[in-house]
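*Asks:* I would like to see how this sequence folds:
(one chain, ligands or ions: 1)
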Amino acid sequence: MNTIEKFDRYVVHSYNRYPLVMDNGCGAECHDENQKKYIDFGSGIGVNSLGFCDAQWADAVSEQAKKLQHCSNYYYTAVQAEFAEKLCNAAKYEKVFFCNSGAEANECAIKTARKYSFDKYGKGRSNIITLTSSFHGRTMATVSATGQEVFHNYFFPFLEGFINAEPNNIDDFESKLDDTICAVMLEYVQGEGGVINLEQDFVDAVYQLCHERDILVIADEVQTGIGRTGKFLAGENFDKKADMTTIAKGIAGGLPMGACLMSESVMNTLVPGTHASTFGGNPVACAGGIVVVDKVSNERFLADVNEKAAYFRKRLEKCSKIESISGMGLMIGITLKDMSASDVAGKALDKGLLVLTAKDKLRFLPPLVIDYKEIDDGIDILIEILEG
Ligand SMILES: *Cc1c(COP(=O)(O)O)cnc(C)c1O
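*Replies:* Numbering: from 1, shown residues only. As a prediction, the model looks like this:
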């Protein structure tokens, strides 16, 4: 059996996969098992933030793996301490809880918000507002939080306590605020929901209205965080700091790692026995995360991300087959005039370009280290497909 046949035989068919067996990669390029080359505009859904197999990252990770690969959270490790310090400083947060994925980071934020409110106000104030077309994960709580009806099938009963409001509709948001609400959770740029930007006015209003009522703001930056939008956190583009910010995807350069960053308001809410994760703060993942934070929090690195994003967008704007471009920084969504995004994604694969889709848009989340030649080569392939 070849690889695809083994998947068909042994792996649960819960993904529609492209017929690509990925073998190795370097920077923004990878190769399949026949050594066909691909340019990567997806970075494993925003995970390989430093591209494939960054040399410093690979050294840090392999050295840690040879020294200490796991340690229970009953004990301390220097590598988790160092990562926590660097991450909190770069993100400008007080404390962090470590877990292993975006959904888990959101679970932590949801539990913390409810406990914060319970400790202060007692029962009956546990509802959380999330936005229509949001995406917060696949666990029972986070899928319940996700504001898309397509996800609310089969798995009944879903978790109670999530109320949806429309993005960029201040009146609708305000109408949902009552004394049952403890928190609002939002993505500054909705990723899976179709690369939809929140507007500054809306974000301002949400923060203002929540602040007046002691309602917590949770920013789900699982996709937008860690340099993706040209700032370390996307919230900085809006001049906002949420009570909690959740991150995952790009934070450890390709290893499973999630984190819930906590500001002073909530940093003492979780106490021993209330929340935990066996793998959370894994030493190898932390060693990778240190390299990512060191590189991405550097001002010069972030300026480069912004310059590359501007160049990328300028090239796309010249294409007559593109209706509109959304997103921020190197998180890019495009609406096509006459082709379907999934058709284009399939054709791109054939021609050696990896892209993502989000709803009816094409979506690009290239590694933050992509160079100008790779951007050009990838866009040339795309334009060849679109303009035929
Ligand atoms: C990907 C994503 C998640 C879920 O992350 P997992 O690591 O797959 O659990 C949550 N929120 C947002 C905004 C995401 O993009």
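*Asks:* Number of residues surrounding the residue of the stretch 1-150 of the chain found nearest the ligand?
*Replies:* Distances between the stretch 1-150 of the chain and the ligand by Cβ to the nearest ligand atom are smallest at residue 102, namely 2.3 Å. Using the backbone N, CA and C atoms, a C-beta is placed for each residue, glycine as well. Counted with other Cβ atoms under 10 Å, residues neighbouring residue 102 total 29.
*Asks:* quick thing: my sequence starts at 54, can you match it?
*Replies:* That works, and once the first residue is 54, the last one we named lands at residue 155.
*Asks:* ok, now which ones touch it?
*Replies:* Residues counted as contacts of residue 155 (Cβ atoms under 8 Å, 6 or more residues apart in numbering) are 189-190, 273, 275-276, 299-302, 311.
*Asks:* Identify, from the residues you listed, the entry nearest to residue 322.
*Replies:* residue 299 (14.8 Å; Cβ to Cβ).
*Asks:* So for whatever helix or strand residue 259 lives in, mean pLDDT?
*Replies:* For residue 259, the enclosing helix or strand under DSSP states H and E is helix 253-265. Averaged over helix 253-265, pLDDT sits at 98.
*Asks:* From the rest of the structure, what touches it?
*Replies:* 220-223, 226-227, 230, 237, 239, 241, 268-270, 291, 293.
*Asks:* Most neighbours among the contacts of residue 155, which one is it?
*Replies:* Counting by other Cβ under 10 Å, top hit in these: residue 189 with 33 neighbours.
*Asks:* Verify the contact between it and residue 159 for me.
*Replies:* Yes. Residue 189 lies in contact with residue 159 (Cβ atoms under 8 Å); the separation is 5.0 Å.
*Asks:* what comes up buried for the helix holding residue 259?
*Replies:* Within helix 253-265, the residues scored as buried using 16 or more other Cβ atoms under 10 Å are 255-256, 258-260, 262-263.
*Asks:* Mind giving me the packing neighbours of the next helix or strand after that helix?
*Replies:* Remark: after helix 253-265, the chain's next helix or strand is strand 269-273, criterion DSSP H and E. Other helices and strands packing on strand 269-273, by 3 or more Cβ pairs under 8 Å, 6 or more residues apart in numbering; DSSP states H and E, are helix 155-174, strand 234-239, helix 253-265, strand 297-300.
*Asks:* Name every strand pairing with strand 269-273 and say which way it goes.
*Replies:* strand 234-239 (parallel), strand 297-300 (parallel) (DSSP bridges).
*Asks:* Of those, which is nearest residue 251?
*Replies:* strand 234-239 (6.7 Å).
*Asks:* returning to what we had before: the helices and strands packed on strand 269-273: which one's closest to residue 368?
*Replies:* helix 253-265 (26.2 Å).
*Asks:* what's the angle from that closest one to strand 234-239?
*Replies:* When axes from the mean of the first three to the mean of the last three Cα atoms, to 10 degrees is applied, the directions of helix 253-265 and strand 234-239 differ by 160 degrees.
*Asks:* mind listing what residue 223 touches?
*Replies:* Residue 223 neighbours (Cβ under 8 Å, 6+ apart): 254-255, 258.
*Asks:* Chain neighbours aside, what residue packs nearest to residue 272?
*Replies:* Distance criterion Cβ to Cβ, 6 or more residues apart in numbering; nearest residue to residue 272, sequence neighbours excluded, is residue 295 at 3.8 Å.
*Asks:* distance of that neighbour from residue 379?
*Replies:* 22 Å (Cβ to Cβ, to the nearest Å).
*Asks:* Same drill for the two, tell me which one is more crowded.
*Replies:* Neighbour count, other Cβ under 10 Å: between residue 295 and residue 379, residue 295 has more, with 29 against 18.
*Asks:* Could you look over the strands paired with strand 269-273 and pick the most buried one?
*Replies:* Burial of the strands paired with strand 269-273 is given as mean neighbour count (mean count of other Cβ atoms under 10 Å); strand 297-300 ranks first at a mean of 30.
*Asks:* to the chain's geometric centre, what's the distance from the helix or strand that comes right after that strand?
*Replies:* Sequence-wise, the next helix or strand downstream of strand 297-300 (DSSP H and E) is strand 311-315. In terms of Cα atoms, centre = their mean, to the nearest Å, the centre of strand 311-315 is found 12 Å from the chain centre.
*Asks:* Strand 311-315 pairs with which strands?
*Replies:* Within its sheet, and counting by DSSP bridges, strand 311-315 is paired with strand 148-152 (antiparallel), strand 297-300 (antiparallel).
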